[in-house]
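S.K.: here is a sequence with its predicted model. Questions after.
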Amino acid sequence: MTAQTLASARILLIIGGGVAAYKSLDLIRRLRERGATVRVAMTAAAQRFVTPLSAEALSGQPVRADLFAPTEQSGMGHIEFSREADLLVVAPATADLIAHMALGLADDLATTTLLATDKRALVAPAMNLRMWLHPATQRNVATLRGDGVLFVGPDDGEMACGEYGPGRMAEPLAIVAAVERALQAPTVLPLPPGVGLPRGGALAGRRVVVTSGPTYEPIDPVRFLGNRSSGRQGHAIAEAARAAGAETILVSGPTALADPPGVRVVRVETAREMRDATIAALPADVFVAAAAVADWRVEDAAEEKIKKRGDGAPILRLVENPDILAEVSARRGDRPALVVGFAAETQALIDNARAKLKRKGCDLIVANRVAIGEGTFGGAENKVTIVAADGIEEWPRMGKTEVARALVALVARKLTGAP
Ligand code: CTP
């Protein structure tokens, strides 16, 4: 599985009630300096030590503290809240918060979020040394480790209460390093296969892999080659596949979109990362290549930022990226039963799509015009033509959600051989 980087990570920081809460304000700053998005939830006790206003100013996001505050979308704040994050960080984690987590108690926003989450948690304990060394706390920590919860610290040191020993919260930079390590492995906690999926859908019992969004190909640490894909169509297809009962994996390039509910999302940046994540997601019954994969990458991306020089602009040498669609189509043994590609064309739509169908060895091509003014890239609607070896189907202009549902229905019919 491809590692995520802190630069594109979304962190949900849960601040518990301890003197160390002031250090969590610095932690917000350190994480954001490295490009992460940080949202903050505070327990009632935390607000006795630091104010939501400080956390809000530093995170640049509204701070949540109330389980029952209505949210814009559905009123299920704790669910959305954790779903939008890649990793939950609990800092400082008090003995009480750790005990709540170990027992699965959920009586405020922080603990309910921790119980409802589908993401891994990283815990930075902070408490008096006797509370830390107490068998009850040690038992709870062992339980949580067994559940896959990660820990950083506590450190030994002089404590606010005057004693010396283990119990000081790890320093913000040590927590940042632990976050980086945690992002190296998948942070989504998978449900057992099939659990949580709607029953009786057209794709029940099937596994679908979808690529979506653009890829970013680095030029140097701050610049990249990218494209205008928003990921809306690919994400909508993953959502529709999941709604039709399929276990769905979405391999997504950088987008501003929320993860579709119930879909396992693997976030990548480059074409090569997308290729690796896609192959790792196989075997599958269906593969839909909706991503706008960069055809080329810079051969030698610079490790340091390229500086302006007196002797003219740098020349970038490009090399071809792996063709994920062609590679999946050509696989032996674990080739999905149905492979669907997209063709974004500015001219000769059908001819080019037919040629692509053949060249890439797929079963269906969803062809769309992407000329300036069509509004397909980034827009909410799409006008597509479905090209198969045995004929073409023109679909009317529809919302991308409708295109996704219609495509999933077509895929389900093709899989079962229905007309
Ligand atoms: N695709 C892919 N990997 C690539 C390039 C494209 O998986 N490296 C997939 C896209 O997800 C899409 C299809 O191939 O499903 C068509 O991509 P497109 O960019 O339109 O086609 P190209 O192969 O780039 O052909 P051309 O540039 O000639 O249009």
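M.R.: Yep, that arrived.
S.K.: C-alpha only now, for contacts and for neighbours.
M.R.: OK.
S.K.: which sections of the stretch 51-200 of the chain are below the confidence cut-off?
M.R.: Within the stretch 51-200 of the chain, the stretches with pLDDT under 70 are 67-80, 190-195.
S.K.: straight-line length of stretch 43-55, end to end?
M.R.: For stretch 43-55, the first-to-last residue distance is 12 Å (C-alpha to C-alpha, to the nearest Å).
S.K.: no wait, stretch 24-43
M.R.: In stretch 24-43, first residue to last residue: 13 Å (C-alpha to C-alpha).
S.K.: contacts for it, please.
M.R.: Identification of contacts with stretch 24-43 by C-alpha atoms under 8 Å, 6 or more residues apart in numbering yields 6-17, 52, 54-56, 58-59, 61-65, 91-92, 108-110, 172-173, 175-176.
S.K.: now, which of these lie within strands?
M.R.: If you go by DSSP state E, the contacts of stretch 24-43 have Arg10, Ile11, Leu12, Leu13, Ile14, Ile15, Ala91, Pro92 in strands.
S.K.: could you look up the SS state of the residue of the stretch 51-200 of the chain found nearest the ligand?
M.R.: The ligand sits closest to Pro186 of the stretch 51-200 of the chain, with a gap of 22.5 Å, by C-alpha to the nearest ligand atom. When classified by DSSP: H, G, I helix; E, B strand; the rest coil, Pro186 comes out as coil.
S.K.: spell out which parts of the stretch 151-300 of the chain neighbour the ligand.
M.R.: Residues of the stretch 151-300 of the chain found near the ligand (C-alpha under 6 Å from any ligand atom) are Ala289, Ala290, Ala291, Ala292, Val293, Asp295.
S.K.: do that again at 5 Å, thanks
M.R.: Ala289, Ala290, Ala291, Val293, Asp295 (C-alpha under 5 Å from any ligand atom).
S.K.: select only the buried ones of those in ChimeraX?
M.R.: Buried residues within those, by 16 or more other C-alpha atoms under 10 Å, are selected in ChimeraX with:
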select :289,290,291,293
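S.K.: closest to Glu394 out of the residues of the stretch 151-300 of the chain next to the ligand?
M.R.: Closest approach between those and Glu394, by C-alpha to C-alpha: Ala290, at 18.2 Å.
S.K.: need the contact list for that closest one.
M.R.: Neighbouring residues of Ala290 by C-alpha under 8 Å, 6+ apart: Val210, Thr211, Ser212, Gly213, Gly231, Gln233, Gly234, Gly341, Phe342.
S.K.: please name the bridge partners of the first one.
M.R.: For Val210, the beta-bridge assignment (DSSP bridges) gives partners Leu250, Val288.
S.K.: thought it was touching Ala289?
M.R.: Yes: using C-alpha atoms under 8 Å, Val210 is in contact with Ala289, at 5.9 Å.
S.K.: between these two, which contacts overlap?
M.R.: Both Val210 and Ala289 are in contact with Gly234, where contact means C-alpha under 8 Å, 6+ apart.
S.K.: what is the longest helix along the chain packed up against?
M.R.: Scanning the chain for the helix with the most residues, using DSSP state H, yields helix 400-416. Applying 3 or more C-alpha pairs under 8 Å, 6 or more residues apart in numbering; DSSP states H and E, one finds that helix 400-416 contacts helix 232-243, strand 338-345, strand 381-382.
S.K.: next one: it to chain centre, how far?
M.R.: Its chain's C-alpha centre and that of helix 400-416 lie 24 Å apart, by C-alpha atoms, centre = their mean, to the nearest Å.
S.K.: out of the contacts of Ala290, who has the most neighbours?
M.R.: Using other C-alpha atoms under 10 Å as the neighbour test, those are led by Thr211, with 32 neighbours.
S.K.: so that one touches Val288, yeah?
M.R.: Yes: using C-alpha under 8 Å, Thr211 is in contact with Val288, at 6.5 Å.
S.K.: quick one: the strands in the stretch 301-419 of the chain?
M.R.: Remark: strands assigned in the stretch 301-419 of the chain by DSSP state E, counting those that start in this stretch are 318-320, 338-345, 364-369, 381-382, 384-388, 391-394, 398-399.
S.K.: rank those strands by pLDDT, which is bottom?
M.R.: Mean pLDDT across these is lowest at strand 381-382; the value there is a mean of 84.
S.K.: which elements pack onto that strand?
M.R.: Judged by 3+ C-alpha pairs under 8 Å, 6+ apart, strand 381-382 is in contact with strand 398-399, helix 400-416.
S.K.: who touches the longest helix of the chain?
M.R.: 202-203, 232-233, 236-237, 240-241, 244, 337-338, 380-382, 419.
S.K.: quick one, that helix and helix 232-243 angle?
M.R.: Interaxial angle, helix 400-416 versus helix 232-243 (axes from the mean of the first three to the mean of the last three C-alpha atoms, to 10 degrees): 50 degrees.
S.K.: list the buried residues of helix 400-416.
M.R.: Using 16+ other C-alpha under 10 Å as the test for burial, helix 400-416 gives 400-409, 411-412, 415.
S.K.: tabulate the CA atom coordinates of that helix in CSV.
M.R.: Extracted in CSV, the C-alpha atoms of helix 400-416 (Å, rounded to 0.1, in the frame of the first residue of the first chain):
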residue,chain,number,x,y,z
LYS,A,400,-21.9,13.0,-12.9
THR,A,401,-23.8,11.1,-10.2
GLU,A,402,-26.3,10.0,-12.7
VAL,A,403,-23.6,9.0,-15.2
ALA,A,404,-22.0,7.0,-12.3
ARG,A,405,-25.2,5.2,-11.5
ALA,A,406,-26.0,4.4,-15.1
LEU,A,407,-22.4,3.1,-15.6
VAL,A,408,-22.6,0.9,-12.5
ALA,A,409,-26.0,-0.5,-13.7
LEU,A,410,-24.4,-1.2,-17.1
VAL,A,411,-21.4,-2.9,-15.5
ALA,A,412,-23.7,-5.1,-13.4
ARG,A,413,-25.6,-6.1,-16.5
LYS,A,414,-22.4,-6.9,-18.4
LEU,A,415,-21.1,-9.0,-15.5
THR,A,416,-24.1,-11.2,-15.3
